[in-house]
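Engineer: need coordinates for the below:
(chains A, B, C and D)
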2 protein chains.
Amino acid sequence: MEEILDRLRLSGGRITTARRLVVETLLESPHHQTAEEISAQVQAKAPDVHISTVYRNLDELEKLGVISHVHLGHGPAVYHLSDEDHGHLVCSGCGWVTEAPHQAFSGLARALKARFGFELDTQHFAVQGVCSRCCGGGASGSAAV
Amino acid sequence: MEEILDRLRLSGGRITTARRLVVETLLESPHHQTAEEISAQVQAKAPDVHISTVYRNLDELEKLGVISHVHLGHGPAVYHLSDEDHGHLVCSGCGWVTEAPHQAFSGLARALKARFGFELDTQHFAVQGVCSRCCGGGASGSAAV
DNA sequence: ACGCAATCGCTATCAGGTCGCATTAGACAC
DNA sequence: GTGTCTAATGCGACCTGATAGCGATTGCGT
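Structural biologist: Predicted coordinates for the structure are as follows:
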C-alpha cells in the first residue's frame, strides 16, 4: 500500500482521498474488478468520488505499472494488480474466468512467431472458450446459447 | 449470391434492397469489414439505408450461418463470410489482421482442454499481439501510433 | 390488385468510456 | 499557520458501437 502511494508520489502525483481509496480497493479485493465495481467500493466510503475520477486513477496506476486491465470479451474491462504474467480464459457460457499461467501459451507463441512473425500478447485480451461446466463436461450435447 | 438470397427466403425472409446490397457488399469485398464500412458501401448505392438496418441484416445473415463477426480488440467488430475456420491475429501496433488457420491453435486447444477442461474458441475473438513490422522485425524503429 | 406482416427508417436509448472546464485541495516554501 | 501553485477532482457533455421501440413501408403469396 505505502509502496504504491510512494510510487505515485515519486512520479509527481498527489495522494488524494479518491486515489487512496482506489488503491485500497484494489488491494483489499485482489480479484478482477470492473471500473464500475471499484467505483462502487470507493463510493461506499466517499460518495463524492466520481466514476471518471476512478477511471483516471486506474489509468494513472496502470501507467505506473501497478495494475493492468484485461478485456474479457463483451462488456467492461477488469483491473488487477500486475503481479505476474498470466492469460485469462473466459467462458462464453457462464462468464467464468480462469487464470492461465503465461507458459501455457508459450507453445502457441512460438508457433505464431515462427509462422507469422507475430509476437503474441495474452495479457491485454482474454482468450474465449467454454468451461468444463458449460460444455457438458463429459458426455451430453453442447447447449450453446 | 443467389444461394444466399435463397437461404434468406427459405428461412421466411424477404429480399429487400437493403438486404440485397448488404449481401452484395459482403461478397464484393471479402475482407473483414466493420458494420460501419458495410453501411457506407451500401449507402453509396442506396443512401436511405439506415445503419441500424445494416446491423439487423448482418444479424440475420449471421443467424443463417452465412457470415460471422469477430471482435478484433478495441473498436468495432468485423464481419466476414463464414467460409472456413480461422483465428485472427491482430497487431496492437498497426491494427493489421492476419488470418491464422484453425490448426495453428490446436496445440493450445489441447493443452487448455487437458489442464483446465477449457474448450478453446478462437473464432469470435481475435488474438492480440504485435506483428513483425511493428515489433521492429527487421531494422528500423517501430512507428507505433 | 389485395392484404398481411416482415422489414424499414428514424429516433431514442444503452453501455463503456473519455474529455473539457471551473473548482478544490495536496504539498512545498516560508 | 499561511500562501501559492497546479494536480486532481466533480460534473456534465460527449463519443463510439450497438440495440430497441414504433409507426410507415413494401415484399410477396394469393
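Engineer: need the residues of chain A near DNA strand D, please.
Structural biologist: Contact residues (Cβ under 7 Å from any atom of the strand) of chain A with DNA strand D: A:8, A:12-14, A:16-19, A:46, A:48-50, A:52-53, A:56-57, A:60. C-beta: built from backbone N, CA, C; applies to glycine.
Engineer: what subset of these is buried?
Structural biologist: A:8, A:13, A:18-19, A:49, A:53, A:57, A:60 (16 or more other Cβ atoms under 10 Å in any protein chain shown).
Engineer: tell me the SS of the closest residue to A:Leu89 other than its chain neighbours?
Structural biologist: Once flanking residues are discounted, A:Leu89 sits nearest to A:Thr98: 4.2 Å by Cβ to Cβ, 6 or more residues apart in numbering or on different chains. Per DSSP: H, G, I helix; E, B strand; the rest coil, the local secondary structure of A:Thr98 is strand.
Engineer: ok, now which ones touch A:Thr98?
Structural biologist: For A:Thr98, the contacting residues are A:88-91, A:131, B:116, B:118, taking Cβ atoms under 8 Å, 6 or more residues apart in numbering or on different chains as the criterion.
Engineer: what is the nearest of the residues you listed to DNA strand D?
Structural biologist: Taking Cβ to the nearest atom of the strand as the measure, DNA strand D sits nearest to A:Val90 out of the contacts of A:Thr98, at 17.7 Å.
Engineer: can you check my assumption that the closest one lies in a strand?
Structural biologist: Yes. Looking at A:Val90 with three-state DSSP, it is inside a strand.
Engineer: about what we covered before: filter the residues of chain A next to DNA strand D down to just the ones in helices.
Structural biologist: A:8, A:17-19, A:52-53, A:56-57, A:60 (DSSP state H).
Engineer: farthest pair within those residues?
Structural biologist: Put simply, by Cβ to Cβ the two of these set farthest apart are A:Leu8 and A:Ser52, 18.5 Å from each other.
Engineer: give the contact list for A:Cys131.
Structural biologist: Contacts of A:Cys131 were listed using Cβ under 8 Å, 6+ apart, and they are A:89, A:91, A:93-94, A:96, A:98, B:116-119.
Engineer: ok, back up a step: of the ones in helices among the residues of chain A next to DNA strand D, which fall within the contact range of DNA strand C?
Structural biologist: A:17, A:52.
Engineer: could you dump the ones in helices among the residues of chain A next to DNA strand D into JSON lines and include distance to chain B?
Structural biologist: Shown next, in JSON lines, are those (distance: Cβ to the nearest Cβ, whole Å):
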{"residue": "A:Leu8", "distance to chain B": "26"}
{"residue": "A:Thr17", "distance to chain B": "31"}
{"residue": "A:Ala18", "distance to chain B": "26"}
{"residue": "A:Arg19", "distance to chain B": "26"}
{"residue": "A:Ser52", "distance to chain B": "19"}
{"residue": "A:Thr53", "distance to chain B": "22"}
{"residue": "A:Arg56", "distance to chain B": "18"}
{"residue": "A:Asn57", "distance to chain B": "21"}
{"residue": "A:Glu60", "distance to chain B": "20"}
